[in-house]
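S.K.: sequence isn't available, so here's the structure alone:
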């Protein structure tokens with residue numbers, strides 16, 4: 001596939017939600033730049049560039065790299081976080097998403113990027129992942145899925161039961177009320193970056209998630225950030241990044257980093 005053909009394939013597989021390098025010097029942004037203003041679906045899909053943030057967070061928690069740890073990405077989108085985890089030293093990597101659109105992108109990237117052995121992507125609903133026979137993983141990523149679920153506690157439990165060390169949660173929140181609840185809402189399943197159920201719940205903040213995660217057997221949690229309003233979400237929506245460790249003392253390196261950079 002020459003450069004022109006590669007660019008056309010990136011465009012054909014769009015819209016893309018995350019920017020990631022496809023080959024040296026070519027990222028998924030080229031497809032967006034080619035289609036913006038054309039009336040395509042690209043204009044309806046937010047475009048995020050979280051690579052530096054995610055890899056920095058991994059380095060804060062694992063200063064010596066992932067050292068072959070296995071990683072599961074739930075609702076993996078194009079699989080970007082797994083490719084970045086592999087760059088940080090991850091071993092076995094598995095991602096799944098309920099939408100085939102994102103899994104087609106992930107498999108395309110897998111075919112173009114280096115170091116993708118022992119990595120797989122499947123179309124699957126979070127509530128059906130038993131059917132994949134995945135086993136357990138050292139790290140589980142739960143980004144952008146919690147607030148799309150009609151039963152978020154069950155969704156978290158499904159993933160918690162497969163997590164050996166660390167669960168990474170990034171979710172929209174419903175700030176402005178007492179942080180003890182999951183706030184019900186609805187969304188349009190036809191929008192490609194929404195959930196597929198129509199019904200959803202947002203946590204009010206870290207306190208309610210901490211209580212759920214303790215019940216699920218996680219000994220410690222850390223709030224990386226909690227923003228009560230972000231520019232890329234509807235008014236009244238916040239955003240939360242939270243880490244949950246299976247065992248006490250897991251965050252020793254992360255806590256040391258935070259003290260030094262406080």
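M.R.: Noted; the coordinates are in hand. Because the structure is predicted, anything quoted here is derived from the model rather than measured.

S.K.: any idea which helix is longest in the chain?
M.R.: helix 100-112 (DSSP state H).

S.K.: run through the neighbouring helices and strands of that one.
M.R.: Counting contacts by 3 or more C-beta pairs under 8 Å, 6 or more residues apart in numbering; DSSP states H and E, helix 100-112 is packed against strand 21-23, helix 80-87, strand 93-97, strand 119-123. Where you see a C-beta, it was placed from the backbone N, CA and C, and this is true even at glycine.

S.K.: quick check: mean pLDDT of the last one?
M.R.: For strand 119-123, the mean pLDDT works out to 98.

S.K.: and if you look at the third one?
M.R.: Rounded to a whole number, the mean pLDDT of strand 93-97 is 98.

S.K.: could you give the angle of that strand to strand 119-123?
M.R.: 10 degrees (axes from the mean of the first three to the mean of the last three C-alpha atoms, to 10 degrees).

S.K.: strand 93-97 to helix 80-87, inter-axis angle?
M.R.: 180 degrees.

S.K.: the strands in this structure, which residues?
M.R.: With DSSP state E as the criterion, the chain has strands at 21-23, 26-27, 71-74, 93-97, 119-123, 137-143, 163-173, 182-186, 199-203, 220-227, 238-245.

S.K.: other SSEs contacting the shortest one?
M.R.: What that stands for is strand 26-27. Counting contacts by 3+ C-beta pairs under 8 Å, 6+ apart, strand 26-27 packs against helix 3-12.

S.K.: how far out from the middle of the chain is stretch 102-111?
M.R.: Taking C-alpha atoms, centre = their mean, to the nearest Å, one finds stretch 102-111 lying 15 Å from the centre of the chain it belongs to.

S.K.: list the buried residues for it?
M.R.: For stretch 102-111, burial by neighbour count (16 or more other C-beta atoms under 10 Å) applies to 102-103, 105-110.
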